[in-house]
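1. fold the following for me, if possible:
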Amino acid sequence: MTWRREVGDAFRLVRTERWVATDLVAGALLYALWFAGTGALLRRAADAAGLTPPAAHRPVLVAACLLWLVVPGAVAVYRLRDRLLNLRGNVEQRYRFDYPGALLVPPAALLAALAVIAAVVPDRRYGAVALSVAGLYLLARTLAYSYRVFAFSRPAVLYAATFATVAVQAPAVLVTVAPAVDRGALVERAVAALGVGEYVTGTAGGVPLPLVATVAVPVGLAVAYVALQNVAALAVRLIEPEVNRSDLRTGQRYPPFVDVADGPAYDRTPADGEATDDDRAAEPTPDEGTDDAGENLDEVRHTRVFRPPGEDGDDASPGGADLIEDGAGGADAGTGGAARRCTACGETAGADATVCPNCGTSL
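-> Residues are numbered from 1 along each chain as shown. A predicted model of the protein is given here:
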């Protein structure tokens, strides 16, 4: 599969990512309700404790930070991880790219287009809001990218980046939402008590600083991670390490320059140059070639191959297909059981198999 084809697949994948828009809208509405409700509780608790004004006291400020910054950030990380990294869905199917960098092309193109539009729109605040949303989308795709690549595959770093992004974007939302839900005075006092009034009221190029931060943080963190990953990948390529297949995560690819040691690897993906689903569809089956073709294929892939009935004359099972395994003593030959083919990768397994020996998919 070429790079150009995978870039096209990355753009087509956008149609399945409607959850990005729905989660953003739902999250904004829920956050407004959360802010209004917890703000009312904080004010009542402060009044009951005789803390006046409420936002001038440390316990109230700490509680506000936990409720309005930490909790939304943790929820966002959990939701993003659940959307992207469900192992039997997106990692193994939608984001299973041989060139993971292709995943970043659509959000990068969106950011570039929005940046041009934001530069010509009279009110640049709207452009900044759109860019902040695109930055979150870039961060989401970067999380999928970080899980898929081999060198420096650290999704936890992107979890922290997502948390930091939401923690920065939340104050910008607070400034906008607070007056609408009758909590403007509470936010203004909190800003004054924390001494961050210049940050809230300051501007850069006609754009409020909170909105500038909502764009700079997600985009900057995503770009920094990709740059670091590429440096790590170059180092790995020079070292040419060896890794046990069992150490690879489900859905994680490994490049061809890495020596992969033998080991259990049911939940793995094919390396570049190894037979993929498209390659297997184009490969001749044993009934289209000779026995040597089937043996050579089996030797390369180290998996079982299908032998049609009647190929070996009297040795073929009259009740159905036989399974053979070169180098394994032919333990499954002549059993007479019907072979089962995996719907995910096309691999053939025994009649009594419940899990594909190649990709681990339930049969």
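2. so, low pLDDT: which residues of the stretch 101-250 of the chain?
-> The stretch 101-250 of the chain contains residues with pLDDT under 70 at 177, 179-186, 191-198, 240.
3. show me where it has helices.
-> For the stretch 101-250 of the chain, the helices defined by DSSP state H, counting those that start in this stretch occupy 105-120, 124-148, 155-180, 184-194, 197-201, 209-239.
4. tell me the most buried of those?
-> Of the helices of the stretch 101-250 of the chain, the one with the most neighbours on average (mean count of other Cβ atoms under 10 Å) is helix 124-148, at a mean of 22. To be clear about C-beta, it is placed using only N, CA and C from the backbone, and glycine gets the same treatment.
5. packing partners for it?
-> helix 19-48, helix 71-84, helix 105-120, helix 155-180, strand 207-208, helix 209-239 (3 or more Cβ pairs under 8 Å, 6 or more residues apart in numbering; DSSP states H and E).
6. out of the helices of the stretch 101-250 of the chain, nearest to residue 77?
-> helix 155-180 (5.1 Å; Cβ to Cβ).
7. and the closest one, what other elements does it pack with?
-> Under the contact criterion of 3+ Cβ pairs under 8 Å, 6+ apart, helix 155-180 touches helix 19-48, helix 71-84, helix 124-148, helix 184-194, helix 209-239.
8. could you dump those to a markdown table with distance to residue 95?
-> A markdown table is the format used below for these (distance: least, Cβ to Cβ, whole Å):
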| stretch | distance to residue 95 |
| --- | --- |
| helix 19-48 | 14 |
| helix 71-84 | 7 |
| helix 124-148 | 4 |
| helix 184-194 | 39 |
| helix 209-239 | 15 |
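9. out of the ones you listed, which gets nearest to residue 361?
-> Closest approach to residue 361 among the helices and strands packed on helix 155-180 (Cβ to Cβ): helix 124-148, 18.0 Å.
10. before we move on, the earlier item: tabulate the helices and strands packed on helix 124-148 (JSON lines), appending distance to residue 129.
-> Shown next, in JSON lines, are these (distance: least, Cβ to Cβ, whole Å):
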{"stretch": "helix 19-48", "distance to residue 129": "11"}
{"stretch": "helix 71-84", "distance to residue 129": "17"}
{"stretch": "helix 105-120", "distance to residue 129": "9"}
{"stretch": "helix 155-180", "distance to residue 129": "9"}
{"stretch": "strand 207-208", "distance to residue 129": "10"}
{"stretch": "helix 209-239", "distance to residue 129": "7"}
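11. thinking again about what came up before, in TSV, list the helices of the stretch 101-250 of the chain along with distance to residue 354.
-> Converted to TSV, the helices of the stretch 101-250 of the chain look like this (distance: least, Cβ to Cβ, whole Å):
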stretch	distance to residue 354
helix 105-120	38
helix 124-148	26
helix 155-180	29
helix 184-194	57
helix 197-201	58
helix 209-239	36
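12. closest to residue 97 out of those helices?
-> Per Cβ to Cβ, nearest to residue 97 of these: helix 124-148, 6.3 Å.
13. measure how the closest one sits relative to helix 155-180, angle-wise.
-> Helix 124-148 runs at 160 degrees relative to helix 155-180, counting by axes from the mean of the first three to the mean of the last three Cα atoms, to 10 degrees.
14. go through the helices and strands packed on helix 155-180 and name the closest to residue 60.
-> helix 19-48 (5.2 Å).
15. can you name the element that comes right after that closest one?
-> helix 58-65 (DSSP states H and E).
16. next, the angle helix 71-84 makes with that following helix.
-> 20 degrees.
17. what helices and strands are in contact with helix 58-65?
-> Helices and strands touching helix 58-65, as assessed by 3+ Cβ pairs under 8 Å, 6+ apart, comprise helix 19-48, helix 184-194.
18. avg pLDDT for the first one?
-> In this model, helix 19-48 carries a mean pLDDT of 86.
19. buried residues of it, list them for me.
-> By neighbour count on 16 or more other Cβ atoms under 10 Å, the buried set for helix 19-48 is 20, 23, 27, 31-32, 34-36, 38-39, 42-43, 46.
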